[in-house]
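Enquirer: Whatever this is, show me its structure:
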Amino acid sequence: MTARMHYLKAAPGILDAMLTLHKYLGQTGLEENLLNLVYLRASQINGCAYCLDMHWKDLRAAGETEQKLSLLDAWREAPGFTDRERAALAWAEAVTLVTEGHVPDEVYNLARAQFNEADLANLTLAVVAINGWNRLNIAFRTEAGHYKPAAKSEIAGSASR
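Expert: Below you'll find the predicted structure:
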């Protein structure tokens, strides 16, 4: 698939805005791997090849197993996910698919059992952010496959999507 346009070159302010958002998310105390699992799951739902490639590689570089990542689409039935990850994934799916019945109370209650109010608000912002990236990359057909994860020392404290 050929990119329609390079939106970050056309409107560099988009990158600045999104990186500011991710810099904030990196300071919230939410675990990086948890955020990347949420990013990867939302990207699976949305079908964003660029973000799938990125977050899969970031999770592998951070030590997640291939088995866990290959079972992410079936996380409800798959072993290896913590209760906190399961709550975050259920929340991410419900927020991503908000037009399919809003966010059910059952999912909210599950999330609240694992996250305090601030963390749940920040997790929701993370879902908003990845859905934004997905829509940008899908709309403009950003080419997937070229992403390389930064060395851990390079990304510590920096913003990434």
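Enquirer: Would you mind measuring from Asn33 to Ala118?
Expert: Distance of Asn33 to Ala118, computed by CB to CB, to the nearest Å: 19 Å. Using the backbone N, CA and C atoms, a C-beta is placed for each residue, glycine as well.
Enquirer: which one of the two has more residues nearby?
Expert: Set Asn33 next to Ala118 and count neighbours by other CB atoms under 10 Å: Asn33 wins out with 15 against 11.
Enquirer: OK, contacts around that one?
Expert: Asn33 is in contact with 59, 62-64, counting by CB atoms under 8 Å, 6 or more residues apart in numbering.
Enquirer: which of those count as buried?
Expert: Among the contacts of Asn33, those buried by neighbour count (16 or more other CB atoms under 10 Å) are 59, 64.
Enquirer: Which pair in the contacts of Asn33 has the greatest spatial separation?
Expert: For the contacts of Asn33, the farthest-apart pair by CB to CB is Leu59 and Gly63; their separation is 8.2 Å.
Enquirer: which stretches of the protein form helices?
Expert: Per DSSP state H, the chain carries helices over the ranges 7-10, 13-26, 32-46, 49-61, 66-70, 83-96, 105-114, 117-139, 152-155.
Enquirer: neighbours around Thr82, how many?
Expert: Residues lying near Thr82 (other CB under 10 Å) number 10.
Enquirer: residue ranges with poor pLDDT in this protein?
Expert: Under the criterion pLDDT under 70, the flagged ranges of the chain are 151-161.
Enquirer: for the protein, which residue is closest to the average position?
Expert: The residue lying closest to the centre of the chain (CA atoms, centre = their mean) is Tyr39, at 1.2 Å.
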